[in-house]
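> based on what follows, work out the 3D shape:
(2 chains)
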Amino acid sequence: MMQPAKRIIFGTLLVGLLTGCDSMFTEPPANDPESIFENLWTTFNEEYAPFEERNVNWQEVYRKYRPKVNSNTTDGELFKILSAMLEILNDGHVSLTAPNRDIFYSNKIKRDLVDNGLFNVSVLKSYLEHGYKEGAENSFIYGKIKNENLAYIYFDHVGQNFFKLSDFLNDYPDVLGYIIDLRHNQGGDFTYCLSEMGRLTDQKRLVFKSKTKNGKGEQDYDAWYEWYIYPKDNYVNKPIVVLTDRYTLSAGERTVMVLRSLPNVQILGDTTNGAHGTMIGRELANGWFYSLVPQKVKLSDNKSYEGVGLAPDIYIKNKQSGINMGIDDTLERAVEILR
Amino acid sequence: MNKILVLTLVFINMINGHAQDKPRKNSLGFNVGASYLVRQDLIFSPFQHKDFTLGNFGLNYTRRASSYQQITLNYSNFNPMVLKPYEFSDHGETQKAYPHSFNLFDFDYLVGKKVKKAQRSTLIVGGIFSANIQAMNYVYGRFGNFGYFSTLGFGVFAQKEFLISKRNQLDVSLHLPLIAWLSRSPYLVNDDEFIENIGSHSGIKTFMSYLGDGKLVTWDKLQTFDLGLRHRYNYNDKLAFGVGYTVEFIHSYLSRDILSFRNSIQLSGEFSF
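Below you'll find the model as predicted:
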């Protein structure tokens, strides 16, 4: 074969062999208990936004938990230590996932399923007239309340199911009022609530603002970004009662923020979870995953309710005994308000 | 009857290429093969994501006339993971942690001219428009984050063709984008602009918005090249087969560092007309 061709072949193969040499990459965290602890703590330190809102001194957390980890710490022990550290944040967006283990949720309500039984989809369906509509896996449920001139809709998350809101409003144009149930709403993509709530407003309204970390420093953030709802299609101006509970989370809470901005809306139920920022995932050298929040959120009153939640206008909480008998006190109260 | 016979013979000879000995200017080709990716994107993870795939496919069209033109389209899919897929549970309900999914699309348009022709080699140089679009789904157990990396660049290319024997040819090529429109996921995966882009709930509009959020960069912010080596066997004047090896390199430190190497071995076929 010709000399130039041989040289070129050799050169190309040499380039190929050199590609992917480890030394060219940023050194990743090592796969040992102490390095894993340091990696997780440091990532939170650099990327997690709402320490202040959650009253957590992350340096203090390091001083308390770092001594518990050494080179002999087992996987089980490390999982417990990291979980204990994340538990302090009590954040509905923070979790830790490891092989053959139950996900650890930082937020106590999510973790221990506190009062989870006070909301029951079968019970709320019993309040609806025959012929109500529902999506796959209860993504939405809507219909008319039995013996009342009121219409009800439930969303279990925030996504494409929100397209059903317009159908719902079109199906029941002549009712006295609407109940929008966001209890146990697990969140999702809040842009759907902004795009689909347009029929409920006759003017542009500021609903919340947010800013995201853009560097490792404590004050490294983008500028505040304001989010609005805009009027869309046929305006619907009827009294609305929104139902919330401690499991109304994330994009579910952003939906509550949107609805709170409307003058014809009352919020009924229990305070929401208080997990407002966006959530991102991270991975550890041992293959475990965790999630954190890189964003701060404030409402139109310029206050943050991260870690606090959005309080209802009227507080009411179901009783387990009532639910067991098929009674949803919160829903019944909403009916009374609108009747 | 005689006319029909003559026309038929002429037609048959045209198909077999005997009627006139014209060089074939156009060719359509495909390539399939294996690829190995090593990629570290500090926006999403401090770890090198490595995966080997047999899912590497491409199509190309080449025209050799007064100028040399080539269009290539390539696709690969990779599914790297730090650990192998594993089971975990969510309040007792078993779920599975799956690998990440990277979808890589490449489009190149080359225009050049022969600048040096020796007895057994030819050098072609020219300009290249190169589009490199990468859509990633980073999976973290129960949820995932979308990531994107895209370059639309202009640069130069060089291709040296060595005629080893009557039927065997060796090609070496270098694609070197020098200036590009670089679009990339935000510093911490998503920010308000990123989320606003999703708000159209239209794939095309979202994609165009992501591209629109990019910036113009040159070699100081983005270093990328493709180096290729291909052996081609000309079966006849219409068909050729080959085996090729390509190295793709990407490095950028806009926002956060990304370093990526993709090594591919491909079998190819080409039809000239």
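> show me what from the stretch 151-273 of chain B comes close to chain A.
Contact residues, the stretch 151-273 of chain B versus chain A (CB under 8 Å from any CB of the partner chain): B:160, B:162, B:164, B:170, B:172, B:186-193, B:195-196, B:198-199, B:201, B:227-229, B:245, B:247, B:249, B:257, B:259, B:261, B:263. Bear in mind the C-beta positions are built from the backbone N, C-alpha and C, glycine included.
> out of these, which are inside helices?
Applying DSSP state H to these, the entries found in helices are B:Asp192, B:Glu193, B:Ile195, B:Glu196, B:Ile198.
> quick one: which of those residues is nearest chain A?
B:Asp192 (3.5 Å; CB to the nearest CB).
> count of residues packed around that closest one?
20 (other CB atoms under 10 Å in any protein chain shown).
> pick out the residue nearest the middle of the chain.
Went with chain A since none was named. Centroid check for chain A by CA atoms, centre = their mean gives A:Ser250 as the closest residue, at 2.7 Å.
> ah, I was thinking of chain B
With CA atoms, centre = their mean applied to chain B, the nearest residue to centre is B:Asp106, 3.3 Å.
> that one: which element?
Taking DSSP states H and E as the definition, B:Asp106 sits inside strand B:101-117.
> which elements pack onto that strand?
In terms of contacts (3 or more CB pairs under 8 Å, 6 or more residues apart in numbering or on different chains; DSSP states H and E), strand B:101-117 is packed against strand B:26-41, strand B:49-64, strand B:68-78, strand B:121-139, strand B:144-163.
> with mean neighbour count, mean pLDDT and distance to A:Gly277 added, can I get these in CSV?
Formatted as CSV, the helices and strands packed on strand B:101-117 follow (neighbours: other CB atoms under 10 Å in any protein chain shown; pLDDT from 0 to 100; distance: least, CB to CB, whole Å):
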stretch, mean neighbour count, mean pLDDT, distance to A:Gly277
strand B:26-41, 19, 96, 22
strand B:49-64, 17, 95, 26
strand B:68-78, 19, 97, 30
strand B:121-139, 19, 96, 18
strand B:144-163, 19, 95, 14
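> my read: B:Ser45 touches A:Glu283, true?
Yes. With contacts counted by CB atoms under 8 Å, B:Ser45 reaches A:Glu283, the gap being 5.6 Å.
> and those two? which has more neighbours close in?
More crowded of B:Ser45 and A:Glu283, by other CB under 10 Å: A:Glu283, with 25 against 21.
> and stretch A:187-203, does that touch chain B?
Yes. Using CB under 8 Å from any CB, stretch A:187-203 comes into contact with chain B via A:Asp189, A:Phe190, A:Thr191, A:Tyr192, A:Leu194, A:Ser195.
> just these: which are in strands?
Taking DSSP state E, every one of these sits outside strands.
> so which of these wins on neighbours?
Counting neighbours by other CB under 10 Å, A:Phe190 leads these with 28 neighbours.
> A:Glu253 versus that residue, what's the distance?
Remark: distance between A:Phe190 and A:Glu253 (CB to CB, to the nearest Å) = 9 Å.
> can you check A:Pro99 too?
31 Å.
> neighbour count: the two, which is higher?
Per other CB under 10 Å, whichever of A:Pro99 and A:Glu253 has more neighbours is A:Glu253, with 28 against 16.
> tell me the secondary structure at that one.
When classified by DSSP: H, G, I helix; E, B strand; the rest coil, A:Glu253 comes out as helix.
> now do A:Val236
Per three-state DSSP, the local secondary structure of A:Val236 is coil.
> ok, now which ones touch it?
A:Val236 makes contact with A:Leu169, A:Pro173, A:Arg199, A:Leu200 under the criterion CB atoms under 8 Å, 6 or more residues apart in numbering or on different chains.
> who wins on neighbours among those residues?
Counting neighbours by other CB under 10 Å, A:Leu200 comes out on top of the contacts of A:Val236 with 25 neighbours.
> surely that one touches A:Leu262?
Yes. The pair A:Leu200 / A:Leu262 is scored as a contact, 5.8 Å apart, by CB under 8 Å.
> can you list residues touching both of these two?
Common neighbours of A:Leu200 and A:Leu262, using CB under 8 Å, 6+ apart, are A:Ile240.
> tell me which parts of the stretch 1-150 of chain B are close to chain A?
So the stretch 1-150 of chain B meets chain A at B:36, B:38, B:40, B:42, B:45-48, B:50, B:81-83, B:86-92, B:97, B:120-121, B:138-145 (CB under 8 Å from any CB).
> can you rerun that using 7 Å?
Residues of the stretch 1-150 of chain B that fall close to chain A, judged by CB under 7 Å from any CB of the partner chain: B:38, B:40, B:42, B:45-48, B:82-83, B:86-92, B:97, B:120, B:138, B:140-143, B:145.
> which of the residues you listed are buried? Put it as a ChimeraX command.
The buried residues among those can be selected in ChimeraX (16 or more other CB atoms under 10 Å in any protein chain shown) with this line:
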select /B:38,40,42,45,46,47,48,82,83,86,88,97,138,140,141,142,145
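> from B:Pro80, how far off is A:Asp32?
Distance from A:Asp32 to B:Pro80, by CB to CB: 22 Å.
> the two: which is more packed in?
More crowded of A:Asp32 and B:Pro80, by other CB under 10 Å: B:Pro80, with 21 against 16.
> pretty sure that one contacts B:Phe47?
No. Contact criterion CB atoms under 7 Å: B:Pro80 and B:Phe47 do not qualify, at 8.9 Å.
> low-scoring stretches of chain A, by residue?
Applying pLDDT under 70 to chain A picks out residues A:1-21.
> need the contact partners of stretch A:143-162.
The contact list for stretch A:143-162, computed with CB atoms under 7 Å, 6 or more residues apart in numbering or on different chains, reads A:124, A:127-129, A:131-133, A:135, A:138-142, A:165, A:168, A:172, A:175-182, A:184-190, A:192-193, A:196, A:251-252, A:255, A:335, A:338-339.
> first vs last residue of that stretch, how far apart are they?
Between the start and the finish of stretch A:143-162 there is a gap of 15 Å, counting by CA to CA, to the nearest Å.
> got it, and stretch A:88-103?
Stretch A:88-103 has an end-to-end distance of 16 Å (CA to CA).
> quick one, the strand holding B:Asp106 and strand B:144-163 angle?
For strand B:101-117 against strand B:144-163, the angle by axes from the mean of the first three to the mean of the last three CA atoms, to 10 degrees is 20 degrees.
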